[in-house]
Every structure is written in C-alpha cells, then in structure tokens.
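> below: sequence and its predicted model.
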Amino acid sequence: MNIIRLRSVGILLMAILVGCSSQNPQTRLANHGAKESTPAEQINRNNQASLSDELFPVRIKDRTGYIDQNGHQIIPPTFFQGSGFSEGLALAENDDRKLGYIDKQGRVRIDFQFPDAQDFSEGLAAVRVPNGEGWGYIDRTGKVVITPQFKFAGSFHEGLAAVHDHDSFRFINESGEPAFEIPFPNVQELGDYSEGLAFIKTGNLCGFLDKSGKAVIPPTFQSAHSFQEGFAAVKLDGKWGFIDRQGTMKIAPAYELAHAFSEGLAEVKTGQGWGFVDKTGKTAIAPQFAEVGSFSEGLAAVKLNEKWGFINARGEIVIPAQFDFAYDFHHGLANVQTGTAWGYIDRSGGVVWPPQQ
C-alpha cells in the first residue's frame, strides 16, 4: 500500500503495513482532518500519562501550535503541521515540507530533513530518508540505528517491527536483524505485535504468530484485528466474532463488522447499526448508531442523526450529538469538528479550545 500524505486536511497517514485489520498503524499531523471508516480512531488508551504534562496540537491561522489540557497555549503556532507527542517528542513539519521532531518546549530536537516519518515507539522512529534509500529507524537523538533499506517499515511493538523489503514481509528486532523465519511462503500482510501475538495474512487467510514466529493460531480467518484485552475480532464465513489467545471462538461470529475490546466493551455492527458487547458476548449497548468509536476514558464517540456526541458505558448520552465529527478522548480531551473547524472539549462537554479553521 502506498504512503498517503493528506496535506489538505493536515493529516499524515502512514499506511505502512495494513495487515488483516482495519485498525492500521497511523501517524497524524495536527489531528484536524478527514473522517475515517468506522469506528473513530483509537488513541493511546493504554498509556494514561499525567494530564498536566500532555500537550495537544491546534491550528491557528494555518500554523500548528500546542495547548495544555486547560487550553493554555504552550508552544506558539510556528509549524506548518504538527502531531501529538509520543515518548516526549512530536513530529512537526516546516514550510519546506520536511519533517523533524520537537520537544514539549517547542525546541527542534531532530532537524527537519525527512520526507516521511512516524512517531517514536519503544525509543525508535521509522523515517524515510530523502536520498531514496528507503525506510530505516532513528533513535531519540536522531542517530540512524537501522540503515534505511526497507520499502515500508512499521513501528516497534513488543520489541519487533514489521517491514517490507524486496517483495517480502518480515519482522526485525531493534538491531535491524530478522527476528525469525516466517513459516509461510506467500505472506501478504503483517500486523503489529499486541499481547504477544501478531496477525499474518497468507493465501488470503489470517492467523496469528507468537514472538518466536510460530503460527499458534493457524490462518483460517477471512480477516482479523489485533488482540486487545485478551480477545481478537475475526471474520469467519462472512461474519465477525471474537477468539481468545488460544484461538478458541469465545463470541460466535454473528456480526457484520466488529472491532477490538476497549475498557471491557467492543464495537459490533448488525442490521440495526453499531452497538457494544461485553466479553461474554452479551449486548451491553443495543446497536443503534450510524458510527461509533472505542471506549476511552469512560466515554465513546457515537454518530446519531448525522451528528456526533458521546455516551457512557451504560449507553447514556452524556455529551449531546452536536459535532460533525469527534475523536476518542485522549488524556482528558477529545478533538471535535464543527463545520470545517476543529477544537477540543473535556469530558463534561465543556469547550477547552473553541473550534478554529
């Protein structure tokens, strides 16, 4: 899949290694942009840092700066585009359309030089160098630690990263060496490791590898998402259900679409719309919404009557549907769209940063 840079909406979409899942690895520059397929993107739910330390990108007069959780401007809007922070650094783009990394004081820590790059993960970031040698990895000082050589490169997760090189997929370790020999001759897609397993697609079927490369869940599914909270959504005979880490079907395939568990609930779609099930397969929130996001910080974005709002885990609407789009809550704030303008709200629905172009 090609790398797509959506400059017009201020988003850098790194469609690196799609895998069987529709929940793809992504890096975003200034989260003010195009609507995506359901559900709304999940945003770092498992890394709850201190709210007071978190910064959020905002657009001000065609430039990106950063605010804190109270809406106070911390970094002036001096960058053409900018992403959220990951491991203390954020991707930023200058007027020459080159990418570098800044710290939380707005200082450039890694010079603007890359045509494409990803967020830091486990101390390393995948970058594409300008001389055409391909993708490699840098450390937090900007030093190249894995030589650029790959056609595509994913982020490190659990010590391994999926890469594509010379028409083949493989996993590498943090030294850039192949982690193991993949036990299939025709690998079509690989996913990130999550909870010790990574999905693989071969012969148009999806299964899961452990960290030794063993196919502990053989490729038998038409599609699959990564494991979260002990379950993975899988598609079998045209319907979606959920398996556990042993590959046992725990929630029978009965849904048109399904996505990963978050905070004990998973999004599922029936003919009546999107709703949520718990880990026993019981319907927790009846299917009724046109689109939904994952639960994050106790709330989930939902689309009802062409507008987005938020519900709690009981299915009660706690922030009325009023936005043209809404992302999940992240460190106390959610990015919301009104018309073509983007702003932030808190968990009570209060406006922290008024929507701006």
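Ah, there it is.

> bridged to residue 67, which residues?
For residue 67, the beta-bridge partners are residue 56, residue 73 (DSSP bridges).

> verify the stated contact: it with residue 54.
No: when contacts are counted by C-beta atoms under 8 Å, residue 67 is not listed as touching residue 54 (9.9 Å). Placement of C-beta: from N, CA and C, glycine included.

> who touches both of those two?
Counting by C-beta atoms under 8 Å, 6 or more residues apart in numbering, residue 67 and residue 54 have no shared contacts at all.

> lowest-scoring secondary structure element of the protein by mean pLDDT?
strand 4-6 (a mean of 24; mean pLDDT, DSSP states H and E).

> show the average pLDDT along stretch 176-186.
For stretch 176-186, the mean per-residue pLDDT is 94.

> strands along the stretch 251-357 of the chain, start to end?
257-262, 265-270, 273-277, 283-289, 291-292, 300-304, 307-311, 317-323, 325-330, 333-338, 341-346, 351-356 (DSSP state E, counting those that start in this stretch).

> possible to save those as TSV with mean neighbour count and distance to residue 107?
Output for the strands of the stretch 251-357 of the chain, formatted as TSV (neighbours: other C-beta atoms under 10 Å; distance: least, C-beta to C-beta, whole Å):
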stretch	mean neighbour count	distance to residue 107
strand 257-262	22	34
strand 265-270	23	39
strand 273-277	23	42
strand 283-289	18	43
strand 291-292	24	39
strand 300-304	25	34
strand 307-311	23	35
strand 317-323	17	34
strand 325-330	23	23
strand 333-338	23	23
strand 341-346	21	24
strand 351-356	16	23
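
> for the nearest residue to residue 272 once chain neighbours are set aside, give its distance to residue 225.
Once flanking residues are discounted, residue 272 sits nearest to residue 287: 4.2 Å by C-beta to C-beta, 6 or more residues apart in numbering. Using C-beta to C-beta, to the nearest Å, we find residue 287 at a distance of 18 Å from residue 225.

> what about residue 100, neighbour count?
Neighbourhood size, residue 100 [other C-beta atoms under 10 Å]: 21.

> what of the one 10 residues further on?
Using other C-beta under 10 Å as the criterion, residue 110 is surrounded by 24 other residues.

> show me what contacts it?
With C-beta under 8 Å, 6+ apart, residue 110 has these contacts: 89, 100-101, 138, 141-142.

> below-threshold pLDDT in this protein: ranges please.
1-52 (pLDDT under 70).

> swap the cut-off to 50 and go again
1-19, 22-51 (pLDDT under 50).

> drop anything exposed from the contacts of residue 110.
89, 100-101, 138 (16 or more other C-beta atoms under 10 Å).

> gap between residue 271 and residue 294?
Distance, residue 271 to residue 294, by C-beta to C-beta: 22 Å.

> correction: the previous question concerned residue 96.
36 Å.

> so the two - more neighbours on which side?
Neighbour count, other C-beta under 10 Å: between residue 96 and residue 294, residue 294 has more, with 24 against 8.

> one step back: need the strands of the stretch 251-357 of the chain in JSON lines (columns: distance to residue 171).
Converted to JSON lines, those look like this (distance: least, C-beta to C-beta, whole Å):
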{"stretch": "strand 257-262", "distance to residue 171": "21"}
{"stretch": "strand 265-270", "distance to residue 171": "27"}
{"stretch": "strand 273-277", "distance to residue 171": "32"}
{"stretch": "strand 283-289", "distance to residue 171": "35"}
{"stretch": "strand 291-292", "distance to residue 171": "32"}
{"stretch": "strand 300-304", "distance to residue 171": "32"}
{"stretch": "strand 307-311", "distance to residue 171": "37"}
{"stretch": "strand 317-323", "distance to residue 171": "39"}
{"stretch": "strand 325-330", "distance to residue 171": "28"}
{"stretch": "strand 333-338", "distance to residue 171": "32"}
{"stretch": "strand 341-346", "distance to residue 171": "36"}
{"stretch": "strand 351-356", "distance to residue 171": "40"}
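
> tell me which of those strands sits nearest to residue 151.
Judged by C-beta to C-beta, the one of the strands of the stretch 251-357 of the chain that comes nearest to residue 151 is strand 257-262, at 27.4 Å.

> show me what the closest one is packed against.
Judged by 3 or more C-beta pairs under 8 Å, 6 or more residues apart in numbering; DSSP states H and E, the packing partners of strand 257-262 are strand 232-236, strand 239-243, strand 265-270.

> name every strand pairing with that strand and say which way it goes.
With DSSP bridges as the test, strand 257-262 pairs up with strand 265-270 (antiparallel).

> how big is the angle separating the strand it pairs with from strand 239-243?
With axes from the mean of the first three to the mean of the last three C-alpha atoms, to 10 degrees applied, the angle from strand 265-270 to strand 239-243 works out at 160 degrees.
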